[in-house]
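>>> Build me a model:
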Amino acid sequence: MSEPGTTGANTGPSGTGGPVEAVLFDLDDTICKYRRSIDELVEHSFDAVGVEPFFTAAEYRERFGEYVHEYDDVDEIRERSFVSLAEEAGRGPDLAREMAAAYAAERRDQADVEFLPGAREAVETLCERYRAGLVTNGAPDMQSEKLRSLGIEGHFETVVHAGHETPAKPDPEPFEAAMEALGVSAERAVKVGNSLSTDVAGAHAAGVRSVWLEQDGVEVVDPEPHYRITRMDELLDEPWA
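Got it, this is the predicted structure:
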């Protein structure tokens, strides 16, 4: 978390570029979130098989992040995460696969999403002020359904599905693909996202300034974002200006 008084300030690396011409957004947990949380779904997966929890939602998130670059399909990543966590707890892989299937069955509706606080206004306003793109780690069909449900599928001039059309973030290629489509250079772009390891690190790898949507309990060590916000509508003040 940022120290008091630093939100929205340029607290990150030096060497910022010229006037911003394009804003690149992340989608999941930046613009929107599932109405049913990961914590609730992990709890459901244990209830579905009738066993007491033997790993936490936080442990699942961490393990999912370890496997995200090894597999293309989100269901496969989830299943592998459940199996490895179960094995560490002395549980069998068949039980873990049953749990992963119960989780997936509840998560099928990709339209069951809602805006984060201030996100609708931020997206609608900044997409009018700037060239705008979306750079998201996620399957095209899943992410497109979320955008349609939110009513913002036409707001972005380009959408890059990293991990499918390009390597996944934090590889610089999806950022570069978005900037090429928008016709802007790296020093004239900013990336808005909630993940230090994918959004901020990937933006920096591509030479793009970063705006980090702070996450409770996450302390910045490296990489250090250029700007920090606690709500998406803080973007209306254009911290990079």
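>>> give me every residue that touches the residue nearest the centre of the chain.
The central residue of the chain, meaning the one whose C-alpha is nearest the mean C-alpha position (CA atoms, centre = their mean), is residue 28 at 4.3 Å. Counting by CB atoms under 8 Å, 6 or more residues apart in numbering, residue 28 makes contact with 136, 137, 138, 146. In this view, the C-beta of every residue, glycine as well, is placed from N, C-alpha and C.
>>> if I look at it, how far off is residue 104?
Per CB to CB, to the nearest Å, residue 28 is found 16 Å from residue 104.
>>> for the residue nearest to the centre of the chain, phi and psi?
phi -70, psi 130 (degrees, to the nearest 10).
>>> now do residue 229
Dihedral angles phi and psi of residue 229 (degrees, to the nearest 10) take the values phi -130, psi 160.
>>> and it, how many neighbours?
Applying other CB atoms under 10 Å, we find 21 other residues in the vicinity of residue 229.
>>> Local confidence estimate at it?
Residue-level confidence at residue 229 comes out at 97, pLDDT.
>>> does it really touch residue 214, like I thought?
Yes: here residue 229 lies in contact with residue 214, judged by CB atoms under 8 Å, at a distance of 6.9 Å.
>>> Using PDB, write out every CA atom in the longest strand anywhere in the chain.
The residue-count maximum for a strand in the chain (DSSP state E) belongs to strand 131-137. Output in PDB follows, covering the C-alpha atoms of strand 131-137 (Å, rounded to 0.1, in the frame of the first residue of the first chain):
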ATOM      1  CA  ARG A 131      -7.000   6.600 -27.800                       C
ATOM      2  CA  ALA A 132      -8.000   3.600 -25.800                       C
ATOM      3  CA  GLY A 133      -7.100  -0.100 -25.800                       C
ATOM      4  CA  LEU A 134      -7.600  -3.200 -23.700                       C
ATOM      5  CA  VAL A 135      -4.800  -5.600 -22.900                       C
ATOM      6  CA  THR A 136      -6.000  -8.600 -21.000                       C
ATOM      7  CA  ASN A 137      -4.800 -12.000 -20.100                       C
END
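>>> which stretches of this structure form helices?
For the chain, applying DSSP state H gives helices covering 38-49, 57-67, 74-88, 93-107, 119-129, 140-150, 173-182, 201-205.
>>> Of those helices, which stretch is the most buried?
When neighbours are counted by mean count of other CB atoms under 10 Å, the highest per-stretch mean among the helices of the chain falls to helix 201-205, a mean of 23.
>>> That one - what's its average pLDDT?
Here the mean pLDDT over helix 201-205 is 97, rounded to a whole number.
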